[in-house]
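Prediction below, plus the sequence it came from.
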Amino acid sequence: MQLSHNPRVVRAKFDDPNLVSSGGLVPVMALAESAGLRELADVRLSVPTDKGANAGLKVCSLVAGMVAGADSIDDMALLRHGGMGRVFDHAYAPSTLGAFLRSFTFGHVRQLDAVASRLLTGLAGRSPLVGDVAGGEFVLVDVDDTVIEVHGYAKQGAGFGYSGVRGLNALLATVTTPHTAPVIVAQRLRKGSVGSPRGAKRLITDALKTVRGLAGVSNGRPLVRADSAFYGRGLVLAAVRAGADVSVTARLDKRVKAAIAGIADDAWTPIEYKDAIYDEQTGRWISRAEVAEIPFTAFTSRSKAEQVPGRLVVRRIPDLNPGKNQAPGQETLFDMWRFHAFFTTVNVEVMDTVTADKTHRGHAIIEQVNADLKNSALAHLPSGVFAANAAWLVLAVMAFNLTRAAATLTGGNLAKAVTATVRRKLVNIAARIASSARRITLHLPSNWPWQTPWTRLFAHVCGPPATAMP
C-alpha cells in the first residue's frame, strides 16, 4: 500500500461535529448500563462534597474512557470530541474526573470494590462471561501480585519491592473456567515495598464470595491456585474454610525436603513436558520430567485447628547446571534433580498426580491478565494520591471485565482475545452520526473486517440495528 497521488491529500481539517472515533463504545456502554453500573455507583459510593456528586455518571465516564484506551486522566478528553455529546450525556472533563478520584479515601475504594463485584455478577448474568460449569467441575481461582512501575517522588506508597522496581503493588484474583478466558473477581492496591501475601486472606475471601454469586459457576468446585509467595496459613486457611480446595507452590523448607526424600524411587511418573515424546505403543510419555506425590499436612507447628491435611505433589527435572567445581564436559556420577513441589487439598480420586501437576501449572494464566492490564489502563497510575490510584485500579478492572463480557457476546474468537485486540476490532471504529425521525444512526466504515461480530454485539445489547437508507 502507498499514499494515493491521484488525487493527493493536501489538506486536513478537524471540523466534523458528527464524527466519533470510538463507535463501539455505544454497545459496550449499553451493556454496562444493563448490568447496572451507574445505579450501583450511585447507591454504593458516598464520596463527600460536590466532588462526589453524580458518582454513577463519573464512574461510567472513567470506565468508558478506559475501554476506549485511556491510561491517564488527561486521556479522558477523548470522550469529549466530535459527536460524542450527541450519543452520550454527561461526559465529564478530565479535571472533574481527577478531582473526583482524589476525593477518595480507603473506605470509598472499598465501596468501589463492592460496585466492581456486583457489576461482574450483572455482566455474568447477561453474557457467557464464565460459561456453564457442570457439577463437580473445577472453577480455577488464581491469586498473584504484580508491581506497577511509577516515576517521580510524588506517588504516595511507592517503594522498591521484590522486583527491584520502584512502584506500587497490585494484588489480583481471577476466575477461569474450562471454556472461558479469565476475568478479575477481586483486586487490591498496596504500597510498593509490601510482601506478596499481605492482605491475601481478605482478598481470597472476597473473591470466593463473588465467584459463588456468578451465574453458571455456582455448581463448580473452586480451586485456589497460587505460587510459593502465598504459601502460608492466611490464604490456605481462608480458602479451605470458605469451602474451596487449594493448589499452592510450597517453599522448599526442611519439612518439604524431608517429605521429598521419602518418595520411593519407583513412584515417579514421566509427564508431558519440554522435549517430551509420546510413545503410542506403551501409552506413556518419554520425558526427563517426572512427578510423584506423598501425603502431607501443612502447618504442623500450629494448633490442630490450623493444620491442613493434603498431598505434596512434586515435579523433578534434571539439573543441567554444573556446579562451580565441576570441569566442563565432566559428567556427574549420578543424576541430579531440581524439585518443584506444591501442596493441594484435592482428593487423589478426583485428580490424580499427573492431572494435579498439569492443572497447577495452568496458574501462569494470571500473568497474561497482569500483562493485559499493564498494556491498557494500568500503563500508568495517574495520581500522586494513593487512594485515587487504588480507585483507578478498581476502575481498570471494571473496564477489563466489561470489555471481556462484550467480546463474549460476539460469539467468535474475540471471546478469548486480549483487550487491545478487542478494542481495535470492536471499540475504536470511526462512525458518523445521522439523525432522522428522532433516531440516531451510526454510519460505520464499509467492508469493516469485523462487521459480523460487531453487529452481533450491537444487536444483543441495543436491539437489531436499523438498516440505513443509502
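Okay, I see it. Numbers count the residues shown, from 1 in each chain.

Past the helix or strand hosting A405, which element shows up next along the chain?
Using DSSP states H and E, A405 maps to helix 386-408. Going down the chain from helix 386-408, the next helix or strand is helix 419-422, by DSSP H and E.

Share the number of residues neighbouring the nearest residue to L3 once chain neighbours are set aside, please.
Among residues not flanking L3 along the chain, V9 sits closest, at 7.2 Å (C-beta to C-beta, 6 or more residues apart in numbering). In this view, the C-beta of every residue, glycine as well, is placed from N, C-alpha and C. Under the neighbour criterion other C-beta atoms under 10 Å, V9 is assigned a count of 8.

and G85, what is it in contact with?
A91 (C-beta atoms under 8 Å, 6 or more residues apart in numbering).

just checking, it is part of a helix?
Yes. Remark: G85 belongs to a helix, assigned using DSSP: H, G, I helix; E, B strand; the rest coil.

quick one, helices of the stretch 51-200 of the chain?
55-67, 84-87, 94-102, 106-126, 200-212 (DSSP state H, counting those that start in this stretch).

which of the ones you listed has the lowest average pLDDT?
Per-stretch mean pLDDT for the helices of the stretch 51-200 of the chain is lowest at helix 84-87 (a mean of 92).

Please identify the buried residues of it?
M84, V87 (16 or more other C-beta atoms under 10 Å).

H90 against N54, yeah?
Yes. Using C-beta atoms under 8 Å, H90 is in contact with N54, at 7.0 Å.

so G310 touches E293, yeah?
No. Here G310 does not reach E293: they are 9.9 Å apart, not a contact under C-beta under 8 Å.

about what we covered before: please report how far the residue nearest to L3 lies from D16.
Here V9 is placed at a distance of 16 Å from D16 (C-beta to C-beta, to the nearest Å).

When H90 and N54 are compared, which one has more neighbours?
Each of H90 and N54 has its neighbours counted (other C-beta under 10 Å); N54 has more, 17 against 13.

can you pull the contacts of the more buried one?
Per C-beta under 8 Å, 6+ apart, neighbours of N54: D42, H90.

Quickly note the distance from it to L97.
According to C-beta to C-beta, N54 and L97 sit 11 Å apart.

Over to I148?
Applying C-beta to C-beta, the value for I148 to L97 is 20 Å.

N401: how many residues sit nearby?
Neighbour number of N401 under other C-beta under 10 Å is 22.

ditto for the one 3 residues further on
Here the neighbour count serves as a burial measure; for R404 (other C-beta under 10 Å) it reads 28.

was I right about it contacting P128?
No. Counting by C-beta under 8 Å, P128 is not a contact partner of R404; they are 10.6 Å apart.

Name the nearest residue to A388, ignoring sequence neighbours.
A388's closest residue in space is L101 (C-beta to C-beta, 6+ apart), at 4.0 Å.

close enough to count as contact, the one you found and L381?
No. Assessed by C-beta under 8 Å, L101 is found out of contact with L381, at 10.8 Å.

More neighbours: those two, which one.
Using other C-beta under 10 Å, the more surrounded residue of L101 and L381 is L381, with 26 against 23.

so what's the closest residue to the more buried one other than its chain neighbours up against?
Nearest residue to L381 in three dimensions, chain neighbours excluded: N389, at 4.2 Å (C-beta to C-beta, 6+ apart). Neighbour list for N389: K155, Q156, G157, L168, L189, L381, P382, S383 [criterion: C-beta under 8 Å, 6+ apart].

Please apply the same query to R338.
Contact partners of R338, counting by C-beta under 8 Å, 6+ apart, are R316, I317, P318, D319.

and which of those residues is nearest V354?
Among those, R316 lies closest to V354 (C-beta to C-beta), at 13.5 Å.

Can you verify the closest one is assigned to a helix?
No. Under three-state DSSP, R316 falls outside any helix and is assigned strand.

That one: neighbour count?
20.

V236 now?
Residues near V236, counting by other C-beta under 10 Å, number 26.

Angles on the backbone of the nearest residue to it once chain neighbours are set aside, please.
Once flanking residues are discounted, V236 sits nearest to V246: 5.4 Å by C-beta to C-beta, 6+ apart. Phi and psi for V246, reported as degrees, to the nearest 10, are phi -130, psi 150.

Could you identify which of the helices of the stretch 51-200 of the chain is most buried?
The highest mean neighbour count among the helices of the stretch 51-200 of the chain, using mean count of other C-beta atoms under 10 Å, belongs to helix 55-67: a mean of 25.

same for that one, what does it pack against?
helix 25-34, helix 37-44, helix 94-102, helix 386-408 (3 or more C-beta pairs under 8 Å, 6 or more residues apart in numbering; DSSP states H and E).

let's see 6 Å
Secondary-structure packing of helix 55-67 (3 or more C-beta pairs under 6 Å, 6 or more residues apart in numbering; DSSP states H and E): helix 25-34, helix 37-44, helix 386-408.

Tell me which of the ones you listed sits most buried.
Stretch with highest mean neighbour count among the helices and strands packed on helix 55-67: helix 386-408 (a mean of 26; mean count of other C-beta under 10 Å).

So for G411, what's the pLDDT?
85.

tell me which element the residue lying closest to it once chain neighbours are set aside is part of?
Using C-beta to C-beta, 6+ apart and skipping the chain neighbours, the partner closest in space to G411 is R456 (5.6 Å). Assessed by DSSP H and E, R456 sits inside helix 451-462.

okay, the angle between that helix and helix 106-126?
Helix 451-462 and helix 106-126 are oriented at 110 degrees to each other (axes from the mean of the first three to the mean of the last three C-alpha atoms, to 10 degrees).

next one: helix 451-462 to chain centre, how far?
24 Å (C-alpha atoms, centre = their mean, to the nearest Å).

Check what contacts it and list those residues.
P27, A30, L31, A406, L409, T410, G411, G412, L414, L426, P465 (C-beta atoms under 6 Å, 6 or more residues apart in numbering).

What distance do you get for the second one to A91?
The one in question is A30. 15 Å.

how many neighbours does A215 have?
Neighbours of A215 using other C-beta under 10 Å come to 17.

Show me which of the contacts of N389 are buried.
Buried subset of these (neighbour count, 16+ other C-beta under 10 Å): K155, G157, L168, L189, L381, P382, S383.

Which one of those is nearest to I366?
For those, the nearest to I366 is L189 (16.6 Å; C-beta to C-beta).

what are the bridge partners for the closest one, then?
Per DSSP bridges, the residues bridged to L189 are A170.

How confident was the prediction at it?
So, for L189, pLDDT stands at 97.

what's the spacing between it and A200?
Separation of L189 from A200 (C-beta to C-beta) stands at 14 Å.

Put the alpha carbons of stretch 91-110 into CSV.
Extracted in CSV, the C-alpha atoms of stretch 91-110 (Å, rounded to 0.1, in the frame of the first residue of the first chain):
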residue,chain,number,x,y,z
ALA,A,91,-19.1,13.1,29.6
TYR,A,92,-17.1,14.9,32.3
ALA,A,93,-13.9,16.9,31.8
PRO,A,94,-10.6,15.3,32.8
SER,A,95,-10.2,17.9,35.6
THR,A,96,-13.5,17.0,37.1
LEU,A,97,-12.8,13.3,37.0
GLY,A,98,-9.3,13.8,38.6
ALA,A,99,-10.9,15.8,41.4
PHE,A,100,-13.4,13.0,41.9
LEU,A,101,-10.7,10.4,42.3
ARG,A,102,-8.6,12.5,44.6
SER,A,103,-11.5,12.8,47.0
PHE,A,104,-11.5,9.0,47.6
THR,A,105,-10.4,7.5,50.9
PHE,A,106,-9.8,3.9,51.7
GLY,A,107,-13.4,3.4,52.6
HIS,A,108,-14.6,4.8,49.3
VAL,A,109,-12.2,2.4,47.5
ARG,A,110,-13.8,-0.5,49.3
